[in-house]
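In: need a 3D model of the sequence below.
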Amino acid sequence: MLIDTDILIDAGRAVGEAVTFLLSHGLLIPDALIAATAIVINEPLATKNHRDYHFITGLTLSAYP
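Out: This is a model prediction of the structure:
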């Protein structure tokens, strides 16, 4: 399998920008990384902790069993 490094670099940049934005809104670094990753890969975030993430535009939350 070949990995396109341009895609990895773009994804890393996008996560970095999202983390910077989320940190400016008071999220802790681990929570910001989790949310930014979910946004960049366009997947819902399954969590019991909706309180910390509910305000983030573009982040889809789903219930964690």
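In: C-alpha only now, for contacts and for neighbours.
Out: Will do.
In: buried ones in stretch 58-65, by neighbour count?
Out: Using 16 or more other Cα atoms under 10 Å as the test for burial, stretch 58-65 gives L59, T60, L61.
In: would you map the strands across the protein?
Out: All strands of the chain, identified by DSSP state E, fall at 45-47, 61-63.
In: in its sheet, what does the first one sit against?
Out: Read it as strand 45-47. Here strand 45-47 is paired, per DSSP bridges, with strand 61-63 (parallel).
In: residues in contact with the partner strand?
Out: P44, L45, A46, T47, K48, H50, Y53, H54 (Cα atoms under 8 Å, 6 or more residues apart in numbering).
In: and the fifth one, backbone torsions?
Out: According to degrees, to the nearest 10, the main-chain angles of K48 amount to phi -90, psi -10.
In: that one and L33: what is the separation?
Out: K48 sits 17 Å away from L33, going by Cα to Cα, to the nearest Å.
In: and for the second one?
Out: Between L45 and L33 the distance is 12 Å, computed by Cα to Cα.
In: returning to what we had before: quick check: which of the strands of the chain is nearest to I39?
Out: I39 lies closest, by Cα to Cα, to one member of those: strand 45-47, at 8.6 Å.
In: show residues contacting that closest one.
Out: A35, A38, L59, T60, L61, S62, A63, Y64.
In: quick one: low-confidence residue ranges for this structure.
Out: For the chain, residues meeting the criterion pLDDT under 70 lie at 1-8.
In: just checking, what packs against the helix ranked longest in the chain?
Out: With secondary structure taken from DSSP state H, the chain has its longest helix at helix 5-23. With contacts taken as 3 or more Cα pairs under 8 Å, 6 or more residues apart in numbering; DSSP states H and E, helix 5-23 sits against helix 29-40.
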